[in-house]
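Trainee: here is a sequence with its predicted model. Questions after.
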Amino acid sequence: MSRKPQDEDPITRIRALCLALPEAVEQPFGGHTAPSFRVRGKFFVMLSEDRTQMTCKAPPGTQQALVGSAPDRFFVPAYVGHKGWVGIRLDVEQDWEEIRELIDDSYCMTAPKRHTAQLSRPEHGS
């Protein structure tokens, strides 16, 4: 019996989404053990040490819209919230298509333009 994607561990799903992006690598931050994902040495997704939260960059206005409409799922993260990053709770039911879009947006805000042009996902015009 094969597992359905929604049955997967959230970290496994996030890892697969992030590492499918051009030149994305997993690398812990400093002395932390939680996974973090970077492109060209710059973070685009970070996970909390207890693996119940994810943070990522978001386009202007996105953080306020998500936190305002679904505070049970999204929050303003410490340290990077003032820069527009959004926090996502992984210990509640989530819309994984929305999380994939947030990861893609964060990657596109971080990666060189020639990398974002390589995205083969339909939402990015390929």
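Mentor: Received, thanks. Numbers count the residues shown, from 1 in each chain.

Trainee: what's the neighbour count on Cys18?
Mentor: For Cys18, the neighbour count with other CB atoms under 10 Å is 26. Heads up, the C-betas are built off the backbone N, CA and C, glycines and all.

Trainee: could you check how far it is from Glu49?
Mentor: Distance from Cys18 to Glu49, counting by CB to CB, to the nearest Å: 18 Å.

Trainee: phi and psi next, for Phe43.
Mentor: phi -70, psi 140 (degrees, to the nearest 10).

Trainee: what's downstream of the strand or helix carrying Gln64, the next helix or strand?
Mentor: Element membership for Gln64, per DSSP states H and E: helix 62-69. For helix 62-69, the following helix or strand on the C-terminal side (DSSP H and E) is strand 74-75.

Trainee: direction included, what does that next one pair against?
Mentor: Here strand 74-75 is paired, per DSSP bridges, with strand 86-89 (antiparallel).

Trainee: who does the following helix or strand past the strand it pairs with touch, helix- and strand-wise?
Mentor: Going down the chain from strand 86-89, the next helix or strand is helix 96-110, by DSSP H and E. Packing partners of helix 96-110 (3 or more CB pairs under 8 Å, 6 or more residues apart in numbering; DSSP states H and E): helix 10-19, strand 42-47, strand 53-56, strand 86-89.

Trainee: picking that back up, quick check: buried residues in the helix holding Gln64?
Mentor: Thr62, Gln63, Leu66, Val67 (16 or more other CB atoms under 10 Å).

Trainee: also stretch 94-111?
Mentor: Applying a neighbour-count criterion of 16+ other CB under 10 Å, one finds Gln94, Ile99, Arg100, Leu102, Ile103, Asp104, Asp105, Ser106, Tyr107, Cys108, Thr110, Ala111 buried in stretch 94-111.
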